[in-house]
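In: Give me a 3D structure for the following:
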Amino acid sequence: MALPKETIAQVTCTSTEQPRVRSVSKTNARGLQDDFIGRESELRRLSAAIHNRQSLLIWGPTDAGKTALVKKAIGELPEKRRQTCIYSSGAVSVRQLAEELVRGLYAAGDPLVREKLREGGCRKQISAARWFKDRSSGQLKAILYQAAQKSPYTFFLDHMPAATQSMARLMKEIIWRCKTPVYLLSRGCSHEEIGSAWSIYFAKEYHIHVGPVSDSSIRELLERCIRRFGLADLDLGRFREEILRLSRQLPGCVTKMCELAAHPRYHYGDQIKVNLVHVDYLMRADPSGDKSPAQT
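Out: Below you'll find the predicted structure:
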């Protein structure tokens, strides 16, 4: 099955143990890129690391812009290179992580993975799902290592809990045995926050910190969001200053609160009920961190 043009292979995990594979086109990611602002130095460093195939830890608070930074960097790659970027989100165990990455390779058209499925008699999506379900963790890891050694892939791991020892071992095998870079996105850089993966990314030279953006950048982003979500006709005097204060200058916070503010339930005449917007934003935030890709 041929991939659509300008596609990033991506795996997204649902709330159950069964992950879902989908593709994100460059045009579908354009909303993220339109809101991308104030991260030029981080983008240059990440782009250089991807070019040099250097593994990195990308860390910062929820809604700082980690996912947007990664997707921006991937989106600027040549099409052929972009299709070798495998993005996995939400794996909570080594079995699930191995399966998601192999599914991502399958979505990217990897010949070895597709041959393995054909050997297993897979012809339709339902049989492919059964094939993945029937593979052991060891079988999936063996296929993953073989595919990674044969082709120059790059793996991005997002929205994961602190890595267990077995998950860290998988990452080390990919990086050191397969010579394949792994980019881990996390809310922090301590041993407690990234778990056993700390032994991979222990040195600061392997870190990109994504924190608050500058005052001028966050104000420019706010004006873009006001236009994007159709808020310009409302009374924004108090709204502007409160959003800037409550956001802590985190881009994703501004974007998500402006998106909420566009809904009529937050309007009182031409005023916006900013406090209610903020409360609902906090209520919708994923307690495990970084759930939404919208300028996360």
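In: Tell me who's in contact with the closest residue to G195 other than its chain neighbours.
Out: For G195, ignoring the flanking residues on the chain, the nearest one in space by C-beta to C-beta, 6 or more residues apart in numbering is A162 at 3.2 Å. Quick note: C-beta positions are derived from backbone N, CA and C, even for glycine. Contacts for A162 (C-beta atoms under 8 Å, 6 or more residues apart in numbering) come out as E192, E193, I194, G195, S196, A197.
In: So what are the structural domains in the protein, by residue number?
Out: As assigned by automatic domain parsing, the chain contains the domains 7-209, 215-284.
In: For these, state which one has the densest average packing.
Out: Highest mean neighbour count of the domains of the chain: domain 7-209, a mean of 18 (counted as mean count of other C-beta atoms under 10 Å).
In: Nearest to R265 among the contacts of A162?
Out: E193 (35.5 Å; C-beta to C-beta).
In: re the thing from before, give me the subset of the contacts of A162 lying in helices.
Out: Mapping these onto helices (DSSP state H) picks out E192, E193, I194.
In: from these, which single one is nearest G38?
Out: E193 (23.7 Å).
In: TSV for the domains of the chain, including mean pLDDT?
Out: Shown next, in TSV, are these (pLDDT from 0 to 100):
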stretch	mean pLDDT
domain 7-209	87
domain 215-284	96
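In: Need the three-state assignment for R240.
Out: helix (DSSP: H, G, I helix; E, B strand; the rest coil).
In: so it touches L222, yeah?
Out: Yes: look at R240 against L222 with C-beta atoms under 8 Å: they come within range, at 6.5 Å.
In: Which residue would you name as the spatial centre of the chain?
Out: The residue lying closest to the centre of the chain (C-alpha atoms, centre = their mean) is T67, at 4.0 Å.
In: does Y201 count as helix, strand or coil?
Out: Applying three-state DSSP: Y201 is coil.
In: wait, what's in contact with it?
Out: Listed by C-beta under 8 Å, 6+ apart, the contact partners of Y201 are S55, L56, L57, L184, C189, I194, H207.
In: Strands - which of these land there?
Out: Those of these mapping onto strands are L56, L57, L184, H207, per DSSP state E.
In: As a markdown table, those with distance to K116 would be great.
Out: Listed next are the ones in strands among the contacts of Y201 as a markdown table, based on distance: C-beta to C-beta, whole Å:
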| residue | distance to K116 |
| --- | --- |
| L56 | 30 |
| L57 | 31 |
| L184 | 27 |
| H207 | 36 |
